[in-house]
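Novice: Pasting the sequence and the predicted model now:
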Amino acid sequence: MRWLFDPASQQGVAMRADWYVFVAAGIAVGLFVYAAIFWCLIAYRRRTGREPAAFKNNPPLEITYAAIPFLLVLALFAVTFAIEMPIDEAAASPQQRISATAFRWSWQFDYGGGVVSSGTTMQPPALYLPLGRTTEIALRSADVTHSFWVPAFLFKRDAIPGMTNVFDVTPRHAGTYLSRCAQFCGLEHGLMTFYVKVVPAAAFDRYLSSGGTQKP
Ligand SMILES: [Cu+2]
């Protein structure tokens, strides 16, 4: 819940704006509907001597109440599209590249230069990310469809066999973030977790230059 208000990545901050728009629209529609319900309850309550109004066939009203939700959905679509397209656009020359592979039932992270970390269900691996640097992650699956979900980044992307999904992440808070597979993938799916560890860029560089021995 905390990450909803203070996402740990730059891309998450953009997603948060989308969430705010949806919540505001939901509250506005909800208030209008409840106000209309209570208004009808009070203004048209049963009174002795008054028959219920017979009411049918009102095309202008029917068109209006079909058009308003349609326009609302269009507007929400446009806002979401405008916010998500830049998030999906991977930078041409990212400051860092990491390859992530999902498999039943853990993850492998390859930083290049022979630095690879892999986990098991009992020992979830760490994905180290340099603070403030735009890192490109190439996501793959070795077997079935998995999903890379980092709640603190407000980000989730499927890992699909035979496909490489590329995205950028720019962490803005150092810390350790519990992350998991979000696509049911078999018996031990529930144990398919990993830790995203956002560390200072210098510590990240030391980790790579030490060949993965000097953990940040
Ligand atoms: Cu999985």
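Specialist: Cool, got the structure.

Novice: What distance do you get for the most far-flung residue of the chain relative to its centre to the ion?
Specialist: Centroid-distance maximum for the chain: residue 49 at 57.0 Å, with C-alpha atoms, centre = their mean. Per C-beta to the ion, to the nearest Å, residue 49 is found 67 Å from the ion. The way it works is simple: take the backbone N, C-alpha and C, and place the C-beta from them, glycine included.

Novice: With residue 179 instead?
Specialist: When residue 179 is compared with the ion (using C-beta to the ion), they lie 12 Å apart.

Novice: Please identify the helix or strand for that residue.
Specialist: strand 175-181 (DSSP states H and E).

Novice: helices or strands up against that strand?
Specialist: Counting contacts by 3 or more C-beta pairs under 8 Å, 6 or more residues apart in numbering; DSSP states H and E, strand 175-181 packs against strand 146-150, strand 193-199.

Novice: Are there helices or strands packed against the longest one, and which ones?
Specialist: I take that to be strand 193-199. strand 126-130, strand 175-181.

Novice: Would you mark the buried spots in stretch 115-132?
Specialist: 115, 117, 119, 124, 125, 126, 127, 128, 129, 130, 131 (16 or more other C-beta atoms under 10 Å).

Novice: and the residue nearest the centre of the chain, what is it in contact with?
Specialist: Note on the chain: the residue nearest the mean C-alpha position is residue 155, at 3.1 Å, using C-alpha atoms, centre = their mean. Neighbouring residues of residue 155 by C-beta atoms under 8 Å, 6 or more residues apart in numbering: 9, 11, 12, 15, 149, 167, 169.

Novice: Now for the first one, how many residues are close by?
Specialist: Spelled out, it's residue 9. Close neighbours of residue 9, defined as other C-beta atoms under 10 Å, add up to 27.

Novice: The fifth one now?
Specialist: The number of residues packed near residue 149 is 18, by other C-beta under 10 Å.

Novice: Just the pLDDT at it, thanks.
Specialist: According to the prediction, residue 149 has pLDDT 97.

Novice: I'd guessed it sits against residue 189; true?
Specialist: No: between residue 149 and residue 189 there is no contact under C-beta atoms under 8 Å: 11.9 Å.

Novice: Can you check which residues contact both of those two?
Specialist: residue 181.

Novice: quick one: buried residues of stretch 187-195?
Specialist: Those would be 189, 192, 193, 194, 195, for stretch 187-195 by 16+ other C-beta under 10 Å.

Novice: distance between the ends of that stretch?
Specialist: Distance between the two ends of stretch 187-195: 21 Å, counting by C-alpha to C-alpha, to the nearest Å.

Novice: still on that earlier bit, roughly how far does the residue farthest from the centre of the chain sit from residue 26?
Specialist: Note on residue 49: its distance to residue 26, by C-beta to C-beta, to the nearest Å, is 41 Å.

Novice: Residue 123 too?
Specialist: In terms of C-beta to C-beta, residue 123 sits 41 Å off from residue 26.

Novice: what does the protein put close to the ion?
Specialist: Selection of the chain residues close to the ion by C-beta under 5 Å from the ion yields 146, 181, 185, 192.

Novice: Dump those to JSON lines, plus pLDDT.
Specialist: Listed next are the residues of the chain next to the ion as JSON lines, based on pLDDT from 0 to 100:
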{"residue": "146", "pLDDT": "97"}
{"residue": "181", "pLDDT": "97"}
{"residue": "185", "pLDDT": "96"}
{"residue": "192", "pLDDT": "96"}
